[in-house]
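K.L.:
Fold the following and give me the result.
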Amino acid sequence: MTFKPARLLVTLLAAIALPVLAQNLAIVNDKKIPLSRVDAMLKQAAAQGQKDSPELRQMIKDELITREILIQEADKLGLGSSAEVKSQIDNARQSIIIGALVRDYMKKNPIAEADITTEYERFKAQTGDKEYRARHILVEKEDDAKAIIAKLKGGAKFEELAKQSKDTGSAANGGDLDWASPASFVPAFSTAMVALQKGQLTEKPVQTQFGFHVIQLMETRAAKVPTLEELKPQISEALAQKKLQAYQAQLRAKAKIQ
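P.N.:
A predicted model of the protein is given here:
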């Protein structure tokens, strides 16, 4: 078979164009949209729990083509050269690069398994082996707290007196603080609470930074502490944040700030 010159030229041009098109998602007004953008958006979608599918890829394709059409129009209008847009672009650039720095630092300085275990053991020791259910009435003045204790000893109902509590969250529930570990409260409060027997009331008001508390212990039970595996993600995230804060402080200390 012989090709006519015109047909041969068309065939050769098509052969050259195929590799170029294969590297691009589309060409909009002679502007190429590389396939690498699709891969980037697929990674973002996967991070959000979406699965790769023909439908998702079509949505991404449509989105990227629409973006290209819109950015071309914005460029025609010169919107990208305004001071406000330039500032926003610079802020976005900083966020992206800082994110890359954080990922690079954590890749080079991962959280050790031993550190996670140590933090878990510290958490268990702090939490203790008991949970307490207490109720309280919080007032501003010590004399008011003493008067409440006297009324309770005289037979007044805790639920009624709790309505005047400054802790409005628990006041609506008769002062009930629900089940919690001692570590959930400020030290002065938890120390007074754990010293009580079931049903017992504090003899004196307990002072904290919030005011004066009248506390009554309702019940205790064995604490159900989450396992290491259950808490591992949260512990790892907390340790990573501490590590990053230390890294940031280290860089700030080296920086010349005027």
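
K.L.:
Give me the three-state assignment for residue 203.
P.N.:
At residue 203 the chain is in coil, as set by DSSP: H, G, I helix; E, B strand; the rest coil.

K.L.:
Pull the contacting residues for the residue nearest to it when sequence neighbours are not counted.
P.N.:
Take residue 203 and drop its neighbours on the chain: the residue closest to it by C-beta to C-beta, 6 or more residues apart in numbering is residue 149, 7.3 Å away. Any C-beta I mention is one placed from the backbone N, CA and C, and that applies to glycine too. Going by C-beta atoms under 8 Å, 6 or more residues apart in numbering, residue 149 touches 201-205, 214.

K.L.:
from these, which is closest to residue 191?
P.N.:
residue 202 (10.8 Å; C-beta to C-beta).

K.L.:
any idea how far residue 201 is from the residue nearest to residue 203?
P.N.:
7 Å (C-beta to C-beta, to the nearest Å).

K.L.:
Find residues that contact each of those two.
P.N.:
Contact with both residue 149 and residue 201 is made by residues residue 214, according to C-beta under 8 Å, 6+ apart.

K.L.:
sorry, back to before: need the next SSE after the one helix or strand the residue nearest to residue 203 maps to, C-terminal direction.
P.N.:
Per DSSP states H and E, residue 149 falls inside helix 142-153. Next along the chain after helix 142-153, taking DSSP H and E as the criterion, comes helix 158-161.

K.L.:
In stretch 223-233, which residues are buried?
P.N.:
223, 225, 231-232 (16 or more other C-beta atoms under 10 Å).

K.L.:
Buried ones in the longest strand seen in the chain, by neighbour count?
P.N.:
Identified as the longest strand of the chain according to DSSP state E is strand 211-222. Judged by neighbour count using 16+ other C-beta under 10 Å, the buried positions of strand 211-222 are 211-218, 220.

K.L.:
can you list the residues that contact that strand?
P.N.:
129-142, 144-145, 148-149, 152, 158, 166, 175-176, 179, 189, 192-193, 196-202, 205-207.

K.L.:
which other helices and strands contact the helix or strand just after that strand?
P.N.:
Remark: after strand 211-222, the chain's next helix or strand is helix 228-254, criterion DSSP H and E. Helix 228-254 sits against helix 83-108, helix 113-127, with contacts defined as 3 or more C-beta pairs under 8 Å, 6 or more residues apart in numbering; DSSP states H and E.

K.L.:
on that earlier part again, quick one: pLDDT of the residue nearest to residue 203?
P.N.:
Residue 149 is assigned 98 on the pLDDT scale.

K.L.:
and if you look at residue 230?
P.N.:
Reported pLDDT for residue 230: 96.

K.L.:
For it, list the residues it contacts.
P.N.:
Here residue 230 is in contact with no residue (C-beta under 8 Å, 6+ apart).

K.L.:
Can you report phi and psi for residue 179?
P.N.:
Per-residue torsions, residue 179: phi -80, psi 140 (degrees, to the nearest 10).

K.L.:
ok, now residue 138?
P.N.:
phi -110, psi 130.

K.L.:
How many residues are close by it?
P.N.:
24 (other C-beta atoms under 10 Å).

K.L.:
Quick check: bridge partners of it?
P.N.:
Taking DSSP bridges as the rule, residue 138 bridges to residue 213.

K.L.:
before we move on, the earlier item: list only buried entries from the contacts of strand 211-222.
P.N.:
131-139, 145, 148-149, 152, 158, 175-176, 179, 189, 192-193, 196, 202, 205-206.

K.L.:
ok, back up a step: and of the helices and strands packed on helix 228-254, who's closest to residue 185?
P.N.:
helix 113-127 (12.1 Å).
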